[in-house]
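Trainee: could you look at this predicted model? Sequence included:
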2 protein chains.
Amino acid sequence: MTPTLAYAAVSAKTPLAPFSFERRTPGDEDVAIDILHCGVCHSDLHTARNEWNNTLYPTVPGHEIVGRVTAVGSRVRKFKLGDTVGVGCMVDSCRNCQPCTDGLEQYCDKGFTGTYNGSLYGGAENTYGGYSSHIVVRESFVLRVSHDASQLAAVAPLLCAGITTYSPLRQWGVKRGHKVGIVGLGGLGHMGVKIAAAMGAHVVLFTTSADKREDALRLGAHEVVLSRNEDEMAAQAGRLDFILNTVAAPHDLDAFLSLLKLDGTMTLVGAPATPHPSPNVFNLIMRRRRLAGSLIGGIRETQEMLDFCAEHGIVSDIETIRMDQIETAYERMLKSDVKYRFVIDMATLAASAV
Amino acid sequence: MTPTLAYAAVSAKTPLAPFSFERRTPGDEDVAIDILHCGVCHSDLHTARNEWNNTLYPTVPGHEIVGRVTAVGSRVRKFKLGDTVGVGCMVDSCRNCQPCTDGLEQYCDKGFTGTYNGSLYGGAENTYGGYSSHIVVRESFVLRVSHDASQLAAVAPLLCAGITTYSPLRQWGVKRGHKVGIVGLGGLGHMGVKIAAAMGAHVVLFTTSADKREDALRLGAHEVVLSRNEDEMAAQAGRLDFILNTVAAPHDLDAFLSLLKLDGTMTLVGAPATPHPSPNVFNLIMRRRRLAGSLIGGIRETQEMLDFCAEHGIVSDIETIRMDQIETAYERMLKSDVKYRFVIDMATLAASAV
């Protein structure tokens, strides 16, 4: 067992604060990783505050992890000491069911083991995430990071925000010649814009904020549509091959479904706390459209995404924070006051834990 | 011009009654058809009573037409005098847009011309449907019927109820080895059961009516689930490859979406007058499921469906009525008191029009 420094919430009502626990001693198939950077995902906040009513306390959030390998088990073949690696939302799954066999561990029939707030297989142990000094993860859930060393903080958000947008774009075959809508320009949306553009698509960014127009174009969008402007929306009617909708707040899905071409799909990657207005069935019937959902991505696909992003020079736009700024970051995140992802410099953990 | 006897509604408040009008003289590409049988679709009722607020009066419903060719234009090649033919929901489309070029006339960018209550291209003329003695239709919208002569009345509903269920089953690749759910056992649902079973699928029929169990099994279902029985529903969770949902009344879509496997699709073919309860986005996200819509089928696919049904001995289960029984049939249809489609014997039209 290895003593580990972390930030944890001990209840839904208490702020994150320094916390110590022990990581398991690396087994034969484990990789031990010193955590360099950890992105701040909205799920961290939901879990810290028990907003999904499923939090096991104490909880150590964080599933956008980039770090350096400090030890490997005897049977580990893919990684060696000093490698730069990533860990995303999952640290294990049943490894036997059809989805796991197919590399779709996120849809594991028995439920994957979350990087935090998850039960490890074979035990009732709670998992502790990336707001910590180091982590021990089974080799098959560790990702290679080939970005330049100067980019590692900005790579961290790829492990959740990146794969969550990459996976549905790949799943629905986005490619050159396609016109793709991205709804919302936040942590997920800004990755969607970059990745869809790198796939060769003509990217239309939909936002309610006129002041995001310049930024969207800078990030790679070819067009920006203010979704509250009826004329701008009408001009896109029936023109999009695919829409990636990253907005979790309840909103009118029909306004976007009606922009899809025949056989077009809109994939939702955010689930609202209260339902969206019910989509109009005629909008689905009249052009054989589809409304779909997507959950992060499998490990194989996450590696593919990291390699794709490295090849295309894609990282997240980030703001770096110290570990002891996490509660302020949460408050700003709730006001969408971040462009576009907070990443914790984990070198500040020791000082923050004094 | 040819004098034509029909049944029409002259307003939303008046019952259908005898009506005379003139069909166009067949042009070079037209086929003139004596109507033998016409199925009664719920859309007929919606249109007669202006429930979609788009009815042009007088209106002559009917788009499940089987008849015999009485004349062909000089350029008609596919049909000759005496042929048995069908006409479905469409009698024309723009013929130039991408969907039309792809044989998906039902999704014509300019809107297809309905067999009734549609405007003919190049004119403001209202179209009159199959509750009439004969019809003149462009060759490319006429279908070959190869069923046995004794089955022709029961073939009529294939032209709408048949293709509406066949098309999504084909679109989503239903085949042997698949487990397919059909929701609702009415005019559409009973065709869905027959067709999905003929495609080789294991068919699970979902109904709210325990007294439909025997009938569903007779029609080809392998299992029948009472959708109000939680245990029966739970036993199907995550087990279905595809669901064809034929129920237009508002209902809980989540109860069915949660029965789909990873990457499973539920296609809706009925649009409710008031919205369904909003589907839970988590149900879509957690297994990458899809909610889709589908509208009838293209002409090429309708021919394929008719040939498939002839080959597999599939017709609709029908109750034959006289033309002057149409209003009674509508009332019974509203109470779901029909197994499973009314078909008008058009030989009764002349007597009904006295």
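Mentor: Arrived safely.
Trainee: quick one: least confident helix or strand in chain A?
Mentor: Across the helices and strands of chain A, mean confidence by mean pLDDT, DSSP states H and E is lowest for helix A:349-352: a mean of 88.
Trainee: list the buried ones in that helix?
Mentor: Residues of helix A:349-352 classed as buried: A:349, A:352 (neighbour count, 16 or more other Cβ atoms under 10 Å in any protein chain shown). Yep, even glycine has a C-beta here, placed from its N, CA and C like the rest.
Trainee: could you do stretch A:103-121 as well?
Mentor: Under the neighbour-count criterion of 16+ other Cβ under 10 Å, stretch A:103-121 has A:104-108, A:112-118, A:121 buried.
Trainee: how far off centre is that stretch?
Mentor: Centre-to-centre, stretch A:103-121 and its host chain are 15 Å apart (Cα atoms, centre = their mean, to the nearest Å).
Trainee: is it positioned near chain B?
Mentor: Yes - using Cβ under 8 Å from any Cβ of the partner chain, we find that stretch A:103-121 touches chain B at A:104, A:107, A:109.
Trainee: between those, which sits nearest chain B?
Mentor: A:Tyr107 (5.1 Å; Cβ to the nearest Cβ).
Trainee: next, A:Phe282: phi, psi?
Mentor: Dihedral pair for A:Phe282: phi -60, psi -40, per degrees, to the nearest 10.
Trainee: do the same with the one 3 residues further on
Mentor: Recorded main-chain torsions at A:Ile285 are phi -70, psi -40, according to degrees, to the nearest 10.
Trainee: tell me how far it lies from B:Ala48.
Mentor: For A:Ile285, the distance to B:Ala48 equals 21 Å [Cβ to Cβ, to the nearest Å].
Trainee: surely A:Glu327 and A:Ala9 touch.
Mentor: No - applying Cβ atoms under 8 Å, one finds A:Glu327 not in contact with A:Ala9, separated by 9.9 Å.
Trainee: hey, what's in contact with both of the two?
Mentor: In terms of Cβ atoms under 8 Å, 6 or more residues apart in numbering or on different chains, A:Glu327 and A:Ala9 are both contacted by the residues A:15-16.
Trainee: so these two - more neighbours on which side?
Mentor: Neighbours were counted for A:Glu327 and for A:Ala9 using other Cβ atoms under 10 Å in any protein chain shown; A:Ala9 has more, 26 against 15.
Trainee: chain B contacts on chain A?
Mentor: A:98-99, A:104, A:107, A:109, A:171, A:238, A:262, A:265, A:268-272, A:275-295.
Trainee: try 7 Å
Mentor: By Cβ under 7 Å from any Cβ of the partner chain, the residues of chain A that approach chain B are A:99, A:104, A:107, A:262, A:268, A:271-272, A:275-278, A:281-282, A:284-295.
Trainee: and A:Thr164, that's in a helix?
Mentor: Yes - A:Thr164: assigned to a helix according to DSSP: H, G, I helix; E, B strand; the rest coil.
Trainee: show me what contacts it?
Mentor: Residues near A:Thr164 by Cβ atoms under 7 Å, 6 or more residues apart in numbering or on different chains: A:188, A:269, A:296.
Trainee: which ChimeraX command selects the buried ones in the residues you listed?
Mentor: Restricted to buried positions by 16+ other Cβ under 10 Å, the ChimeraX selection for the contacts of A:Thr164 reads:
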select /A:188,269,296
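Trainee: redo the contacts of A:Thr164 as JSON lines? Include distance to A:Val136.
Mentor: Output for those, formatted as JSON lines (distance: Cβ to Cβ, whole Å):
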{"residue": "A:Leu188", "distance to A:Val136": "28"}
{"residue": "A:Val269", "distance to A:Val136": "29"}
{"residue": "A:Ile296", "distance to A:Val136": "21"}
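Trainee: going along the chain, name the strands of the stretch 201-350 of chain A.
Mentor: Using DSSP state E, counting those that start in this stretch, the strands assigned to the stretch 201-350 of chain A run over residues A:202-207, A:223-226, A:240-245, A:260-268, A:290-293, A:318-321, A:341-345.
Trainee: any chance of these in TSV with distance to A:Ala216, mean neighbour count and mean pLDDT as columns?
Mentor: Below are these laid out as TSV (distance: least, Cβ to Cβ, whole Å; neighbours: other Cβ atoms under 10 Å in any protein chain shown; pLDDT from 0 to 100):
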stretch	distance to A:Ala216	mean neighbour count	mean pLDDT
strand A:202-207	4	25	98
strand A:223-226	5	19	98
strand A:240-245	14	26	98
strand A:260-268	19	22	97
strand A:290-293	24	24	98
strand A:318-321	17	17	98
strand A:341-345	16	25	98
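Trainee: report the beta-bridge partners for A:Met90.
Mentor: Residues in a beta bridge with A:Met90, per DSSP bridges, are A:Gly114.
Trainee: care to break chain A down by domain?
Mentor: Domain assignment for chain A by automatic domain parsing gives A:2-159+A:297-352, A:162-293.
Trainee: quick one: the last one to chain centroid distance?
Mentor: Using Cα atoms, centre = their mean, the distance from the centre of domain A:162-293 to the centre of the chain it belongs to is 17 Å.
Trainee: straight-line length of it, end to end?
Mentor: 16 Å (Cα to Cα, to the nearest Å).
Trainee: repeat for stretch A:92-105
Mentor: For stretch A:92-105, the first-to-last residue distance is 8 Å (Cα to Cα).
Trainee: same check on stretch A:165-178?
Mentor: End-to-end distance for stretch A:165-178: 16 Å, by Cα to Cα.
Trainee: got the confidence number for the residue nearest to A:Asp92 when sequence neighbours are not counted?
Mentor: Nearest non-adjacent residue to A:Asp92, counting by Cβ to Cβ, 6 or more residues apart in numbering or on different chains: A:Thr113, 3.9 Å away. On pLDDT, A:Thr113 comes in at 95.
Trainee: same check, this time on A:Ala124
Mentor: Value for A:Ala124, per-residue pLDDT: 62.
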